[in-house]
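Trainee: structure of the sequence below:
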Amino acid sequence: MSKLASINEFVIKFANVNGSGSASANQMFAKGIFRSGIPVSPKNIFPSNIQGLPTWFEIRASEKGYLGRKAGIDFMVAMNPQSYAQDVAEINSGGYLLYDSSWKREFHRDDINIIEVPLTSLCVDEFKNPKTRLLFKNLVYVGALSYLMSIDKDIFIGLIEEQFKGKEKLIAPNVQALEMGFNYAKKHLVGACDIRVNQKNLTDGMILTNGNNAGGLGCVYGGATVCAWYPITPSTSLAESYKKYCDQFRVDEKTGKNKFAFVQAEDELASIGMAIGANWNGARAFTATSGPGISLMTEFVGLAYFAEIPVVIFNIQRGGPSTGMPTRTQQSDILSCAYASHGDTKHVMLIPSDPKECFEFAAGSFDISDRLQTPVFVLSDLDIGMNDWTCPEFKWDDAKKFDRGKVLSKDDLDNMESWGRYLDVDGDGIPFRTLPGTHPEKGAYFTRGSSHDEYARYVEDGEVNARNLSRILKKFEGADKFLPKPIFKQETNASSRGLIYFGSTEAAMQESLDQLSASGFPIDAMRIRSFPFSTEVWDFIEQHESIFLVEQNRDAQMKTLLLSEGKINPEKFISVLCFDGAPITADFISESIIEILSDKNFSKTAEEIK
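Mentor: Modelled structure (predicted):
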């Protein structure tokens, strides 16, 4: 039987039972490849229940740097009989299946290589505690894989020592389980696998982390001192990350008192209300949520927009609508954030593509919100937020100063004859504001969600209200100079066709563009990183005859937003839509576009063709 052979280019998938303790072992295996100098992209695919249902963990290793999810599995570690049929069907011809052969199975495929390791029997012989046996089975297969794929065993021993630092009694039995698997494979499975990991230095200057961890750290560096939140998958770990880093960096060394506030509110409405109140009072505050939370927060978002109070809102998008798929990814909250709340509203959005940008955009979002005195949405998604990514190390300039925008001091107020909270004195639509307690007599005003004039006085004069709404729109239209510019994947405008994408689609895009070029369909590409759109976005659209818009939602929401904001012929846009909850693949993008171009029917979407 033929054996799939590959060096530093493969996809391995672990099929486990949720709650079996497999996640840490699978993550350790991904880190082992990363520390071998090979870029990796792990994806944790888990159900929304607590325990019992199938869960999967995919790892793509690629020395080429192609780290988008890839369909088809080269090596399957099948630990869950409940999902055997599905797992075996995914394996590429010539690929490998490792399973617990303590109970022999027939898999009815003669084109794959079966690798038998009696994991349960090995653990029963060595460990007395049933729970310990269950947990250590995972490390036994990591040890076996270490031998089969020629990964230095000492790397995993080092990872175990790091994981259990301070709990030294746990190190020895974990290392024992690892070596049990390694030694079994060395004795019984020589030459069983032709997939290899050869050590390189391709991860120098890189880190392996997730977007929520990076976003929480970015909030600390951005000067946030208040987090008010309500738990919801997949955003919870962002708030928890902020708390972890605050415990490290925001505790007074002398008194031991916290120099931050971390409030788990009773619901999403309370959390956004607390964040708005903290910002009004002069703090930098944020909340973190997902699509259902955004739906609940919209009235408060409208208050912050109209009363012009800074606030940062992290939306880690998941599958919707309603409860939807809490543990799957989508880009389906574009419109609900861009136009959140009733009435005429438009909101600034930052759209990171990886953990590095999650850190940078989180840190920068508070300056933007303060400058513009408006809500700022940071739109990540489950794939970026909860999965680890290989990305460049974060950089920070210690000389950076926070920009609080137009905030009046006591001296400013003393030297002013009059001041209007919503008065545009310099033509950019952004008024000056005061913070409570700045002056004993001056600077007070009513913060109004009702119609008001330039001096914060209640009015029902339609012309005055229209003038105020027009001024708010003016500052929004000038916001793009503060925002991240789009990124282009092109040397010149070499093609009459363009491609627009955003967010986590970045992981699959370079591979897809390479596939398209190799197939004779070169395409210029642009990644949108913020809203409102800059002139560079409109110029790119103008310079190309047709534009493919790649999105991970059903209704082509970015296309709708572009059509709404720009004077564009809708026929110029061709949608490529993926919304099955799994991260989009390069093959899906390139095959969809090639079929559309070959079919010459630009009215079809990729989903219709599929």
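
Trainee: ends of stretch 56-72, how far apart?
Mentor: End-to-end span of stretch 56-72 (C-alpha to C-alpha, to the nearest Å): 14 Å.

Trainee: which strand or helix spans residue 92?
Mentor: strand 91-100 (DSSP states H and E).

Trainee: so what does that strand touch, helix or strand wise?
Mentor: Applying 3 or more C-beta pairs under 8 Å, 6 or more residues apart in numbering; DSSP states H and E, we find strand 91-100 packed against strand 73-78, helix 84-89, strand 113-117, helix 130-148. Yep, even glycine has a C-beta here, placed from its N, CA and C like the rest.

Trainee: which of the ones you listed sits most buried?
Mentor: Highest mean neighbour count among the helices and strands packed on strand 91-100 (mean count of other C-beta atoms under 10 Å): strand 73-78, with a mean of 25.

Trainee: state the mean pLDDT of that one.
Mentor: For strand 73-78, mean pLDDT is 98.

Trainee: what's in contact with that strand?
Mentor: 4, 6, 10-15, 58, 84, 87-88, 90-92, 95-99, 141, 145, 193, 195 (C-beta atoms under 8 Å, 6 or more residues apart in numbering).

Trainee: likewise stretch 92-99?
Mentor: Stretch 92-99 has contacts (C-beta under 8 Å, 6+ apart) with 1-4, 72-79, 84, 87-88, 91, 105, 107, 111-117, 141, 144-145, 148, 192-193, 195.

Trainee: again, but for stretch 247-262
Mentor: 220, 224, 225, 226, 227, 228, 239, 242, 243, 246, 278, 283.

Trainee: in strands, which of the residues you listed appear?
Mentor: Judged by DSSP state E, the subset of those located in strands is 226, 227, 228.

Trainee: nearest residue to the residue nearest the centre of the chain other than its sequence neighbours?
Mentor: Residue closest to the average C-alpha location in the chain (C-alpha atoms, centre = their mean): residue 384, at 2.2 Å. With sequence-adjacent residues excluded and distances taken as C-beta to C-beta, 6 or more residues apart in numbering, residue 384 is closest to residue 211, at 3.8 Å.

Trainee: what of residue 35?
Mentor: With C-beta to C-beta, 6+ apart as the criterion, residue 35 has its nearest non-adjacent residue at 5.0 Å, and that residue is residue 155.

Trainee: what kind of secondary structure is the one you found in?
Mentor: helix (DSSP: H, G, I helix; E, B strand; the rest coil).

Trainee: identify the residues contacting it.
Mentor: 32, 35, 36.

Trainee: so for it, what's the pLDDT?
Mentor: At residue 155, the pLDDT value in this model is 98.

Trainee: distance check, it against residue 74.
Mentor: 21 Å (C-beta to C-beta, to the nearest Å).

Trainee: what do you get for residue 476?
Mentor: 49 Å.

Trainee: returning to that earlier point: the residue nearest to the centre of the chain contacts residue 356, doesn't it?
Mentor: No: contact between residue 384 and residue 356 fails when scored by C-beta atoms under 8 Å: they sit 10.5 Å apart.

Trainee: for the helices and strands packed on strand 91-100, which one sits closest to residue 19?
Mentor: Counting by C-beta to C-beta, residue 19 lies closest to helix 130-148 out of the helices and strands packed on strand 91-100; the figure is 9.9 Å.

Trainee: now the helices for the stretch 501-610 of the chain?
Mentor: Listed in chain order, the helices of the stretch 501-610 of the chain (DSSP state H, counting those that start in this stretch) span 506-518, 535-542, 557-565, 586-599, 606-609.

Trainee: now the fourth one, how far from the chain's geometric center?
Mentor: In this case it means helix 586-599. 25 Å (C-alpha atoms, centre = their mean, to the nearest Å).

Trainee: so that helix versus helix 506-518, what angle?
Mentor: Per axes from the mean of the first three to the mean of the last three C-alpha atoms, to 10 degrees, the angle that helix 586-599 makes with helix 506-518 is 40 degrees.

Trainee: show me what helix 586-599 is packed up against.
Mentor: helix 506-518, strand 546-551, strand 573-577, helix 606-609.

Trainee: of these, which approaches residue 137 most closely?
Mentor: Residue 137 sits nearest to helix 506-518 of all the helices and strands packed on helix 586-599, at 31.0 Å, using C-beta to C-beta.
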